[in-house]
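**Student:** all I have is the shape, not the residue letters:
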Ligand code: SIN
Ligand code: FE2
């Protein structure tokens, strides 16, 4: 079951509580190997989210710009593999929107939001081919998701994303401006210390 906000598909509660807990446990191990770090946006301002990645490529941004790297910027190690449970969600939801249904994401960005973190309105456009969709998974505290059109000035609509929700930006939605205005601290007890995790799966090459 999905609902639409602008051209974006949202699958409310796609992941049940047991699946969410299993995924969090898996991420905990993954973040030991690839610790969270901070990126900065153009101009050098630090982002309020902390991030890491899994897959062949990880998204990093620093004063040299935003790009995909095959290694963690602090440890120098290759990123850990994308968990099978995440690939299963991609297969279930993104497959109908893939021109090659077997194609899997080669990057899974892990964004960690504390109570004051946000994500400014942006397009995802550091990938090589915008024909592939972007899929994201929300875990933990609720987040106010804002979606517009393909121009920054287009009218936007907002929706609260909850733990277990999955968002798909495919086709006309792939280059929509989107962002997170704020999270609602304490709205979920999935994560022992609160906060929100968003996993964003992308095809980079
Ligand atoms: C993003 O667009 O990079 C993150 C979206 C989210 O946190 O839900
Ligand atoms: Fe994004």
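**Tutor:** That came through, no problem. Just so you know, these numbers come straight off a predicted model, no measurement behind them. Residues are numbered from 1 along each chain as shown. Ligands and ions are numbered 1, 2, ... in the order given.
**Student:** how about the helix ranked longest in the chain: buried residues?
**Tutor:** As assigned by DSSP state H, the longest helix anywhere in the chain is helix 17-33. Residues of helix 17-33 classed as buried: 20, 23-24, 26-27, 30-31 (neighbour count, 16 or more other Cβ atoms under 10 Å). All C-beta atoms are positioned from the backbone trio N, CA, C, and that covers glycine.
**Student:** off-centre distance for it?
**Tutor:** The chain centre lies 15 Å from the centre of helix 17-33; the measure is Cα atoms, centre = their mean, to the nearest Å.
**Student:** now whatever helix or strand comes next after it against helix 17-33, angle please.
**Tutor:** Per DSSP states H and E, helix 17-33 leads on to strand 50-54 as the next helix or strand towards the C-terminus. Between strand 50-54 and helix 17-33, the angle comes out at 100 degrees (axes from the mean of the first three to the mean of the last three Cα atoms, to 10 degrees).
**Student:** name the helices or strands packed onto strand 50-54?
**Tutor:** Contact partners of strand 50-54 among helices and strands, from 3 or more Cβ pairs under 8 Å, 6 or more residues apart in numbering; DSSP states H and E: helix 17-33, strand 58-62, strand 107-113.
**Student:** can you put these in JSON lines and add mean pLDDT?
**Tutor:** Output for the helices and strands packed on strand 50-54, formatted as JSON lines (pLDDT from 0 to 100):
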{"stretch": "helix 17-33", "mean pLDDT": "98"}
{"stretch": "strand 58-62", "mean pLDDT": "96"}
{"stretch": "strand 107-113", "mean pLDDT": "98"}
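**Student:** quick one: residue 178 from ligand 1, how far?
**Tutor:** Using Cβ to the nearest ligand atom, to the nearest Å, residue 178 is found at 5 Å from ligand 1.
**Student:** contact partners for whichever residue of the chain sits closest to ligand 1?
**Tutor:** Nearest residue of the chain to ligand 1 (Cβ to the nearest ligand atom) works out as residue 198 at 3.3 Å. Counting by Cβ atoms under 8 Å, 6 or more residues apart in numbering, residue 198 touches 110-111, 113, 136-139, 143, 180.
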